[in-house]
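Peer 1: A structural model of the following input is requested.
(chains A and B)
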Number of protein chains: 2
Amino acid sequence: MPELRQDVVSGRWVLIAPDRDRRPNEFRRTAVHRAAACPFCHGHESATPQALAVYPRPAATSLQPTWSVRVVPNLYPAVQAAAGGYAPPQPPPTAPELYPTRAATGVHEVIIESPRHIVGAASQTAEETFWTCMAYRDRLQAARQHPDIRHALIFKNVGADAGASLQHLHSQLVGLPLVPTEFDREWSRALAYYDQHNRTCLFCQLLQTEEKDGSRVVWQSDQFVAYCPFASRFAMEVWLLPRRHCSHFEITSDDTLEDLARAIHDCLTRLELAVPSVSYNMVLHTSPFDTTQQDHYHWHLEILPRISTVAGLEWGTGCHINPVDPLEAAQRLRTARGPAA
Amino acid sequence: MPELRQDVVSGRWVLIAPDRDRRPNEFRRTAVHRAAACPFCHGHESATPQALAVYPRPAATSLQPTWSVRVVPNLYPAVQAAAGGYAPPQPPPTAPELYPTRAATGVHEVIIESPRHIVGAASQTAEETFWTCMAYRDRLQAARQHPDIRHALIFKNVGADAGASLQHLHSQLVGLPLVPTEFDREWSRALAYYDQHNRTCLFCQLLQTEEKDGSRVVWQSDQFVAYCPFASRFAMEVWLLPRRHCSHFEITSDDTLEDLARAIHDCLTRLELAVPSVSYNMVLHTSPFDTTQQDHYHWHLEILPRISTVAGLEWGTGCHINPVDPLEAAQRLRTARGPAA
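Peer 2: The predicted structure is shown next:
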């Protein structure tokens, strides 16, 4: 089974998952028959494990799909539900502290975002985006019940350059038995800011300041603001934050999910229009499961376009080079308009 | 000029460098005439700025190149020598602490590793690899003299998937006015280990333990050991460490550089043979310039193959999925043999 290992030099945790190498990769094959063979398409439901959740769709005829969004277990999981039989590797007796490991227990789910073979957010219906957001919330609530899972990430890889192995629009949920080092750092920094600034949430402050300035804002509604962060690490990066302070995504109301679905659809469509054929990741940052509502942390979505390739400088220092000023990125995204806008 | 900005949420520094977008990218063009137009090839010396250093080569005829390795300023620098005229952006008066910035002063140099249009380490002559290592040392010594530079990274991007924009084998040096957050973390962790383990260097301990175990060792000589780290974040990752404790690469002796050149050539050639057409980064971790010899830090090279694409899970958590067990990686690299082995 997969194993979590900590690199003692950097402190980073790594998932060693040899079975992942067996998974199919459409992007390495020729383009022919992709849709015909796609395990996520309507009619191919038997190609995936049994669904964990299904969000329905009214069907007019028996040939039409009866679902909008389906959640299934990942066939090639990076983490596994049961730790049964996990035997940790024997560390050398002289320096066991150099080899921290633990079983990679957790869940790895796939959220199929449409019964049709669509490859970008622009092609998704409003209903499908809404059910996808609903699935994010429901699956986080389900993961939270799992005694071994401390933290979960929801993310989406769109396009080969973003690491997608299947084209059909989908998101993933990975629930981990630990809080990843990078999240822990963000959490601690937000807590320090809160303590040092008269109990102010760092994210609420960023949101207000960006909104007042306006030059990096891409989109706003009653409940959400999207902007290009001042220190964006990726060109055309966008963060999407709820206006109302909330630390845990999984307690979001239906009404807020409706507005979120509009925000996500609008932001991703703008990106897809501004940068044709763009690959991107979208990641949800939300609080660990073993915490209750926190005044210092604020859940948010990060949209990370993969336009230029991350290279030696980034891997060597963590310092990214971003060739597009976030001011210009925001302007390009604000003026990108789809057929519906 | 380029600017350094800190993301207050993660603590990461980012280089905002809009001019970098103008640089050429061979990998986006058709393959025709690449070598003919390559600015790094012998005969095209006028296509680059004046050389900062040239390592000679005996030439039998006037048509042959007279250099093995040349160092030139990067035409599209991520950092710039002079901070003259840098005007920091005006932060909002209500929350200036959210927008830390500074001028991206520093140096950005290119080390052209051969006068011939070679695209991988396997094609490099022993002499060229040696002069490249010599250039690493000499250019670090030069960067150290620069009053604004606190830390420098030497790195190499080989192949489009590793972020190379020109094919011709080259390395780069980027000198920064600050110590990057990730390096600082590594440094602090090594210092904590040293303090907690009876003044033992973390890297010396890793090296001894890996050598004694042997199963992850790829290569060793009198002066160097290369192994696949237990918690490798990339498939087929290799770290190369000097046996003798040393914190600063720039004080390496000629004799040690000779052995290092053999080690680098051997490890990279094995990787290129084990994974045909592999893209990879190589990064040098060495101590900040404002320190002298440190007992707790040990310079080393990390070879980071770019076989699978980094995706949402990695960007969202910092936790990489590695589909190849480092034991298997080491075995594949040990048994990969070139014509000369």
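Peer 1: and the pLDDT at the nearest residue to A:Cys41 once chain neighbours are set aside?
Peer 2: Counting by C-beta to C-beta, 6 or more residues apart in numbering or on different chains, A:Cys41 lies nearest to A:His117, which is 5.2 Å off, once chain neighbours are set aside. Quick note: C-beta positions are derived from backbone N, CA and C, even for glycine. You'll see A:His117 listed with a pLDDT of 96.
Peer 1: next: A:Ala341.
Peer 2: pLDDT recorded at A:Ala341 is 41.
Peer 1: buried ones in stretch A:85-94?
Peer 2: A:Pro91 (16 or more other C-beta atoms under 10 Å in any protein chain shown).
Peer 1: do the same with stretch A:122-134
Peer 2: A:122, A:124, A:128-134.
Peer 1: now it: average pLDDT?
Peer 2: Stretch A:122-134 carries an average pLDDT of 97.
Peer 1: what sits up against it?
Peer 2: Residues from elsewhere that reach stretch A:122-134 (C-beta atoms under 8 Å, 6 or more residues apart in numbering or on different chains): A:55, A:57, A:68-69, A:111, A:113-114, A:116, A:118, A:121, A:169, A:171, A:254, A:257-258, A:260-262, A:264-265, A:268-269, A:272-273, A:338.
Peer 1: by contact count, what packs against the longest helix along chain A?
Peer 2: Determined from DSSP state H, the single longest helix within chain A is helix A:254-274. Contacts defined by 3 or more C-beta pairs under 8 Å, 6 or more residues apart in numbering or on different chains; DSSP states H and E place helix A:254-274 against helix A:126-144, strand A:217-220, strand A:224-227, strand A:238-242, strand A:280-285, strand A:300-305, helix A:326-335.
Peer 1: quick one: closest of those to A:Leu178.
Peer 2: Evaluated over these, closeness to A:Leu178 peaks at helix A:126-144, with 13.8 Å, by C-beta to C-beta.
Peer 1: re earlier: measure how far the longest helix of chain A is from the centre of its chain, please.
Peer 2: Distance of helix A:254-274 from the chain centroid (C-alpha atoms, centre = their mean, to the nearest Å) equals 14 Å.
Peer 1: any buried residues in that helix, and which?
Peer 2: The neighbour-count check on helix A:254-274 (16+ other C-beta under 10 Å) flags A:256-274 as buried.
Peer 1: tell me where chain A has strands.
Peer 2: A:3-6, A:13-16, A:53-56, A:67-73, A:101-103, A:107-112, A:151-158, A:170-176, A:217-220, A:224-227, A:238-242, A:280-285, A:300-305, A:320-322 (DSSP state E).
Peer 1: tabulate those (TSV), appending mean pLDDT and distance to A:Gln141.
Peer 2: Below are the strands of chain A laid out as TSV (pLDDT from 0 to 100; distance: least, C-beta to C-beta, whole Å):
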stretch	mean pLDDT	distance to A:Gln141
strand A:3-6	96	24
strand A:13-16	96	24
strand A:53-56	96	11
strand A:67-73	97	12
strand A:101-103	94	24
strand A:107-112	97	12
strand A:151-158	97	10
strand A:170-176	98	11
strand A:217-220	96	27
strand A:224-227	98	21
strand A:238-242	98	17
strand A:280-285	98	14
strand A:300-305	98	18
strand A:320-322	96	34
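Peer 1: could I get those strands as TSV with mean neighbour count and distance to chain B?
Peer 2: Listed next are the strands of chain A as TSV, based on neighbours: other C-beta atoms under 10 Å in any protein chain shown; distance: least, C-beta to the nearest C-beta, whole Å:
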stretch	mean neighbour count	distance to chain B
strand A:3-6	22	4
strand A:13-16	26	5
strand A:53-56	16	20
strand A:67-73	22	16
strand A:101-103	17	8
strand A:107-112	24	9
strand A:151-158	25	3
strand A:170-176	24	6
strand A:217-220	20	13
strand A:224-227	24	12
strand A:238-242	24	9
strand A:280-285	24	3
strand A:300-305	24	5
strand A:320-322	23	5
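Peer 1: save those as CSV, and put in distance to B:Gly312 too.
Peer 2: Converted to CSV, these look like this (distance: least, C-beta to C-beta, whole Å):
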stretch, distance to B:Gly312
strand A:3-6, 18
strand A:13-16, 13
strand A:53-56, 20
strand A:67-73, 17
strand A:101-103, 22
strand A:107-112, 12
strand A:151-158, 3
strand A:170-176, 7
strand A:217-220, 20
strand A:224-227, 18
strand A:238-242, 15
strand A:280-285, 4
strand A:300-305, 8
strand A:320-322, 16
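Peer 1: nearest to B:Leu240, of the ones you listed?
Peer 2: With C-beta to C-beta as the criterion, B:Leu240 lies closest to strand A:13-16 of these, at 19.2 Å.
Peer 1: and that closest one, what does it pack onto?
Peer 2: Short answer (3+ C-beta pairs under 8 Å, 6+ apart): strand A:13-16 packs on strand A:3-6, strand B:320-322.
Peer 1: find the nearest non-adjacent residue to the residue sitting furthest away from the middle of chain A, please.
Peer 2: Distance to the chain centre peaks in chain A at A:Thr94, reaching 40.3 Å (criterion: C-alpha atoms, centre = their mean). By the measure of C-beta to C-beta, 6+ apart, the closest residue to A:Thr94 outside its immediate chain neighbours is B:Thr209, 6.4 Å from it.
Peer 1: neighbours of A:Gln141, just the number please.
Peer 2: By the measure other C-beta atoms under 10 Å in any protein chain shown, the count of residues near A:Gln141 is 14.
Peer 1: surely A:Glu186 meets B:Val8?
Peer 2: No - taking contacts as C-beta atoms under 8 Å, A:Glu186 lies outside contact range of B:Val8: 10.0 Å.
Peer 1: show me which of those two is the more surrounded one.
Peer 2: Remark: of A:Glu186 and B:Val8, B:Val8 carries more neighbours, 22 against 18, as counted by other C-beta under 10 Å.
Peer 1: give the full set of residues in contact with that one.
Peer 2: Neighbouring residues of B:Val8 by C-beta under 8 Å, 6+ apart: A:189, A:193, A:202, A:206, A:231, B:97-100.
Peer 1: give me the subset of those that lies in helices.
Peer 2: Using DSSP H, the members of the contacts of B:Val8 that fall within helices are A:189, A:193, A:202, A:206.
Peer 1: now the first one: closest residue in space that isn't a chain neighbour?
Peer 2: By that I understand A:Arg189. Distances taken as C-beta to C-beta, 6+ apart place B:Gly11 nearest to A:Arg189, at 5.8 Å, with adjacent residues excluded.
Peer 1: burial check on the one you found, number of neighbours?
Peer 2: The local packing of B:Gly11 (other C-beta under 10 Å) involves 18 other residues.
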